[in-house]
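A.B. asks: this one's structure only:
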């Protein structure tokens, strides 16, 4: 019994060694993990940098960490909202509050339940592939307190992707 | 091919003038403009959602290099000097507590993490102390290669259809003052174009116990 166990242990060890060394040959030795990487771009919510940050500061926004964004960019976000004629939105946010939410560019993601940018019920609990994020942002920026203001500006009437998503990993559609 | 991509980008920039607005496609000169020093670093979109196939898992998508034509997609690649990093804050301070770091070298994708970063902020080193999941980068037109880890993680890298949709052309006309509103049937500016995607699926149990995560993506290069 002991012998057999020992034998199978040796066998499995040998198998592990072979497996690991194959792995090493294929990848480990060829994979360069050295060096320091410096930030080029940052993004979470769609269109935030592009809409709210003027061309002079776009690079700066991309290399600002989220925890520092409010201090650096809140005033600029408020002035863009002023330019859009913003007063309040369907979530009842005044200009300073809305700017404060937008300026820290992170996706809030719930760890249980529905994850969506907005599905009619859940708001900012994630971002799923099929979410019409642009309509959500247009509605919150231009829709006023009831969502009924500026009806020509609150939806772009492109409501879905041009390819269906998959139900299995990696979920995104094959390329064109 | 690279020339073609650059030409396309140049045309797009010329056409759109000073106002360039998309999800985050072509958002800043340092990552897209002519003469930029770090091609492949422009993030187009970030997604974070509960796995459609397993509600105990979370999926993160980092798309880059937007508006790739099919021709450009066939030769597009992930630069080997770029780190694609997904940052996760599970304490509510908008500082990363866990990261995934994706690297592509010699046609292989390696995703390190989730792992707690030793240094937070705008610079990173590769964190090799945590889990590693790898696969071969999926070729244009090929079947998707999925890397799996015994801890339940799955990874993918390769060209995909851009999942973003928006009547960008009309929006630019509205901003320019030549139109007063969207058309009744919009035209998807991103129809027929591809992006370079990195997709990671991971058990939620590996992301901590917070009810809400704050998630963002970064590209970093060396």
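C.D. replies: Structure's in. What do you need? For clarity, every value in this text was computed on a predicted model and none was experimentally measured.
A.B. asks: any low-confidence regions in chain A?
C.D. replies: Flagging of chain A using pLDDT under 70 yields the residue ranges A:1-29.
A.B. asks: residue of chain B closest to chain A, please.
C.D. replies: residue B:181 (2.3 Å; C-beta to the nearest C-beta). From N, CA and C alone the C-beta is placed, and that goes for glycine too.
A.B. asks: may I have the phi/psi pair for that residue?
C.D. replies: Here is the backbone geometry of residue B:181 (degrees, to the nearest 10): phi -170, psi 170.
A.B. asks: quick check: which helices or strands does the lengthiest strand in chain A pack against?
C.D. replies: Using DSSP state E, we find that the single longest strand of chain A is strand A:37-43. Strand A:37-43 sits against helix A:58-62, helix B:29-32, strand B:43-50, strand B:82-89, strand B:123-124, strand B:212-221, with contacts defined as 3 or more C-beta pairs under 8 Å, 6 or more residues apart in numbering or on different chains; DSSP states H and E.
A.B. asks: what about residue 126, how many neighbours?
C.D. replies: You didn't pick a chain, so chain A it is. 25 (other C-beta atoms under 10 Å in any protein chain shown).
A.B. asks: I was thinking of chain B, sorry if that wasn't clear
C.D. replies: Neighbours of residue B:126 (other C-beta under 10 Å): 19.
A.B. asks: and it, what element?
C.D. replies: When elements are assigned from DSSP states H and E, residue B:126 belongs to no helix and no strand.
A.B. asks: helix or strand: which one has the residue of chain A found nearest chain B?
C.D. replies: Shortest chain A-to-chain B distance, computed as C-beta to the nearest C-beta: residue-wise this is residue A:152, at 2.3 Å. In the assignment (DSSP H and E), residue A:152 maps to no helix and no strand.
A.B. asks: give the contact list for it.
C.D. replies: Neighbouring residues of residue A:152 by C-beta atoms under 8 Å, 6 or more residues apart in numbering or on different chains: B:180-182.
A.B. asks: one step back: what's the burial count for the residue of chain B closest to chain A?
C.D. replies: So residue B:181, with other C-beta under 10 Å, has 15 neighbours.
A.B. asks: pretty sure it is touching residue B:173, no?
C.D. replies: No: counting by C-beta atoms under 8 Å, residue B:181 does not reach residue B:173; the two are 9.9 Å apart.
A.B. asks: what's the closest non-adjacent residue to the residue nearest to the spatial centre of chain A?
C.D. replies: Most central in chain A under C-alpha atoms, centre = their mean is residue A:44, positioned 3.6 Å from the mean C-alpha point. With sequence-adjacent residues excluded and distances taken as C-beta to C-beta, 6 or more residues apart in numbering or on different chains, residue A:44 is closest to residue B:216, at 3.8 Å.
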